[in-house]
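Asker: my questions are about this predicted structure, shown below with the sequence.
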Amino acid sequence: MVREFTFRGHNLEELNEMSMDDFISILPARHRRSLHRGLTKESRVFLENLREAKRLLGEGKKIVLKTHCRDLVILPEMVGLTIQVYNGKEFIPIEVKTEMIGHYLGEFSITNKRVQHGTPGIGASRSSMYVPLK
């Protein structure tokens, strides 16, 4: 039994048919507030490029979008696209799935790496004076 995806009681087709104001009204408070304040110029340009990429995707072309907009809420029209989000060093490709709707783009492009410490070398610290040389 496959469960159908719903976001706050609405399936993906209903979300795509909704107007932007109706979709914003069902978002959590933080996301609703950020979208009510308006989009930045960079975010607006990205959404225009996204709609163009969605149109070209229907024609069979594969387009990957790059963006620095980590604070943009994932909208239902983004589902199915690959978006490369900048993490401060490189662009991380993200395949947008239905479960990501309502989250920020930056949540899926982690900005820090796990620290892996090596063995102390000569001059690393005062305690390394007593580490025997190999």
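Answerer: Yep, that arrived. Numbering: from 1, shown residues only.

Asker: give me the distance from stretch 23-42 to the chain's centre.
Answerer: 15 Å (CA atoms, centre = their mean, to the nearest Å).

Asker: tell me the buried residues in it?
Answerer: For stretch 23-42, the buried set under the neighbour-count rule, 16 or more other CB atoms under 10 Å, comprises Phe23, Ile24, Leu27, His31, Ser34, Leu35, Leu39. Backbone N, C-alpha and C define where each C-beta goes, glycine included.

Asker: let me see the contact set for the residue minimising distance to the centre of the chain.
Answerer: Using CA atoms, centre = their mean, the residue of the chain that lies closest to the mean C-alpha position is Leu105, 2.2 Å off. Residues near Leu105 by CB atoms under 8 Å, 6 or more residues apart in numbering: Thr67, Cys69, Arg70, Asp71, Leu72, Ile74, Ile83, Val85, Ile94.
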